[in-house]
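> mind folding the following:
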Amino acid sequence: MIFTFSGSSLADELKITLQQPWQMLKDAGGAAEYALKYPGAGWPSLYSTAPLKPDCHYMLKWRMKSSIADVSSPFIAVIDAGVAYNFSYLLTPGWSQYAAYFYSGAATAAKLRLYISPGEAKEIQVRDLQLIPVTAEMLAGNLLPDGDFESGSGFPANWTKAYGTTENPAAIIESQNFLAGTRSMVLSACEQNKGAAGINSVYLPVIPGKRFELTFWAKADADMSLAVNVDGWSPVKHTGKHFYKGEKVKLTPEWRQYSIVVDIPGSLSEYPDLNSRMMRLSFTIPQSKAKEVWIDGVIFRIK
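Model (predicted):
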């Protein structure tokens, strides 16, 4: 059975359709909250359809928490705006900020769907579900949600393990010795002979012909090289040449800030993956003497 509700106090108000056993509740301030007692089977979903302006980036954002930490049954956001995007997220036991960016292209409407993959029984709560046009101020600020890792809990909500990494290598931990805040993201190296440990961020907006910059702070428990990439691999289907900007940065046991600048090609004919107008960030620990890398203050913005 499906029920339909209108949210309130949203940047762009979304009319949410609930598929049972999802329920809509109200918090103390009267804002909508969507709750699911998930039995471990099926694909109960939240649905919405929203108008779009062509040739714009949008951010679908929401806050979410789970009764258990779950890396095996991802939460899925499906966005169909002429091109169908399918993004996966880890569930954490504390409230975390999630985001899914997309480019409208020629589309004038988007179909949105949020659902959980079959797995363990759990309870999920979703709040502050908003669809926001990406503004010039957002491009110049920080496009990565929770780049300081202060609002997350357990796993970093907007990062997933890279292809070929056997286990999720990332966690949010208390870090009392960083320059600001109390939490950082830590990457743990894979066991000997099990390859590199890598993570990818959510896809982030880019604009053809513009320059973007990634800055971050990092340290390791031993001197090592960390592979860092701004990666233009298609979120849908790879075609043509692969556009990316990658560097190996030298880490030490002391916090240090690093920067990578990437110039987005003005013509995309050679790199058709960039027609999505999105790229993602990646950090990879090679097999080395270092066992842990701390990362904080991650910022990606137009320069």
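> what's the helix or strand for the spatially closest residue to residue 159 that is not a sequence neighbour?
Nearest residue to residue 159, sequence neighbours excluded (Cβ to Cβ, 6 or more residues apart in numbering): residue 199, at 4.8 Å. Heads up, the C-betas are built off the backbone N, CA and C, glycines and all. In this structure, residue 199 is located in strand 197-201 according to DSSP states H and E.
> then residue 216?
Element membership for residue 216 (DSSP H and E) is strand 211-220.
> parallel or antiparallel, list what pairs with the next helix or strand after that strand.
Once strand 211-220 ends, the next helix or strand along the chain (criterion: DSSP H and E) is strand 224-231. In the sheet, strand 224-231 lines up against strand 244-251 (antiparallel), strand 278-285 (antiparallel) (DSSP bridges).
> what is the rounded mean pLDDT of the first one?
This means strand 244-251. The pLDDT scores in strand 244-251 average 96.
> got the angle for that strand vs strand 211-220?
Orientation check (axes from the mean of the first three to the mean of the last three Cα atoms, to 10 degrees): strand 244-251 against strand 211-220 gives 30 degrees.
> just the buried residues of strand 244-251, please?
Within strand 244-251, the residues scored as buried using 16 or more other Cβ atoms under 10 Å are 244, 245, 249, 251.
> so what's the nearest residue to the first one once chain neighbours are set aside up against?
I take that to be residue 244. The shortest distance from residue 244 to any non-neighbouring residue, by Cβ to Cβ, 6+ apart, is to residue 231 (4.6 Å). Applying Cβ atoms under 8 Å, 6 or more residues apart in numbering to residue 231 gives the contacts 200, 244, 246, 279, 280, 281, 282.
> most neighbours, which of those?
Neighbour counts for those peak at residue 279, which has 27 neighbours (criterion: other Cβ atoms under 10 Å).
> any idea how far residue 91 lies from residue 209?
38 Å (Cβ to Cβ, to the nearest Å).
> neighbour-wise, which of these two wins?
residue 91 (26 against 11).
> wait, that one touches residue 73, no?
Yes - here residue 91 reaches residue 73: they are 7.4 Å apart, a contact under Cβ atoms under 8 Å.
> overlap in contacts, these two.
residue 116.
> quick one, helices of the stretch 1-150 of the chain?
136-140 (DSSP state H, counting those that start in this stretch).
> low-confidence stretches in it?
1-13 (pLDDT under 70).
> apply 90 and report the result again.
Along the stretch 1-150 of the chain, segments meeting pLDDT under 90 span 1-15, 26-32, 69-73, 92-94, 146, 150.
> quick check: the gap between residue 39 and residue 71.
Distance, residue 39 to residue 71, by Cβ to Cβ: 20 Å.
> revised request: answer the last question for residue 94.
15 Å.
> go on, residue 35?
Per Cβ to Cβ, residue 35 is found 22 Å from residue 71.
> domain-wise, how is this protein divided?
Annotated domains of the chain cover 2-134, 159-302 [automatic domain parsing].
> first vs last residue of the longest one, how far apart are they?
Length of domain 159-302, first residue to last, Cα to Cα, to the nearest Å: 21 Å.
> quick revisit: nearest to residue 147, out of the domains of the chain?
domain 159-302 (4.1 Å; Cβ to Cβ).
> return the distance of that closest one from the chain's centre.
Remark: domain 159-302 is offset 12 Å from the chain centroid, using Cα atoms, centre = their mean, to the nearest Å.
> leaving out the residues flanking it, which one is nearest to residue 202?
residue 158 (4.5 Å).
> hang on, I meant residue 128
residue 63 (4.9 Å).
> quick check: bridge partners of that neighbour?
Beta-bridge partners for residue 63, by DSSP bridges, are residue 97, residue 127.
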